[in-house]
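Asks: Have a look; sequence and predicted model below, questions after that.
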Amino acid sequence: MRYAVFALAVLAAPAFAQEAEIAETINGQMEAFRAEDVVTAFTFASPTIQGIFGTPENFGKMVREGYPMVWKPGAVQMMELRTVAGALWQRVRVADSGGRGWYLDYRMVPGPKGWLIDAVQLLPMQDLGA
């Protein structure tokens, strides 16, 4: 019995590490946005996203105007990490400056030095409290 528990813990360790690394990437980008440091925030984006926006300034403008709850987030809570059609998606609950909760899905891709954000989808349902 002890060996079975140990084996499960060893097998689960990579999944926990992956979740922690993904959360670190998303939180790192949000911290950069809080500080209005678009150059650092841009480093957490995948090459595809960087290619679409071209410059950190263009990227920052899009986030500021399209995702204000990410630009100046309040409380951030990592929800479930799941695989959809072979891609990893991290659900995140973010409270905006008014205390409203929003759910976003982050598509994550591996990069040369860790996980990168390849897409963010704002989910249609918001909740009322933080």
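Replies: Here it is on my side, so go on.

Asks: Quick check: buried residues in stretch 73-80?
Replies: Counting neighbours by 16 or more other CB atoms under 10 Å, one finds that the buried residues in stretch 73-80 are 73, 76, 78. For every residue, glycine as well, the C-beta is placed using N, CA and C.

Asks: could I get the residues you listed as TSV with distance to residue 67?
Replies: TSV is the format used below for the buried residues of stretch 73-80 (distance: CB to CB, whole Å):
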residue	distance to residue 67
73	9
76	13
78	17
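
Asks: Let me know the closest of those to residue 19.
Replies: Distance to residue 19, by CB to CB, is smallest for residue 78 among the buried residues of stretch 73-80, at 7.4 Å.

Asks: Please give the element, helix or strand, for that closest one.
Replies: strand 76-84 (DSSP states H and E).

Asks: now that strand: how far from the chain's centre is it?
Replies: 9 Å (CA atoms, centre = their mean, to the nearest Å).

Asks: Run through the helices of the protein in chain order.
Replies: Along the chain, the stretches classed as helices by DSSP state H are 2-34, 38-43, 47-53, 56-66, 68-71.

Asks: Could you say which of those helices is packed most deeply?
Replies: Using mean count of other CB atoms under 10 Å, the stretch among those with the largest mean neighbour count is helix 68-71, at a mean of 20.

Asks: Give the rounded mean pLDDT of that one.
Replies: Across helix 68-71, pLDDT averages out at 94.

Asks: got it, and stretch 23-42?
Replies: 97.

Asks: mind exporting that stretch as CSV, just the C-alpha atoms?
Replies: Extracted C-alpha coordinates of stretch 23-42, given in CSV (Å, rounded to 0.1, in the frame of the first residue of the first chain):
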residue,chain,number,x,y,z
ALA,A,23,0.6,29.7,-13.1
GLU,A,24,4.0,31.4,-12.8
THR,A,25,3.9,32.5,-16.4
ILE,A,26,0.4,33.9,-16.2
ASN,A,27,1.0,35.6,-12.9
GLY,A,28,4.3,37.0,-14.2
GLN,A,29,2.5,38.6,-17.1
MET,A,30,-0.2,40.0,-14.9
GLU,A,31,2.4,41.5,-12.5
ALA,A,32,4.0,43.1,-15.5
PHE,A,33,0.7,44.6,-16.7
ARG,A,34,0.0,45.9,-13.1
ALA,A,35,3.3,47.7,-13.3
GLU,A,36,2.5,48.9,-16.9
ASP,A,37,5.7,47.1,-18.0
VAL,A,38,4.5,46.1,-21.5
VAL,A,39,8.1,45.0,-22.5
THR,A,40,8.2,42.4,-19.8
ALA,A,41,4.6,41.4,-20.4
PHE,A,42,5.4,40.8,-24.0
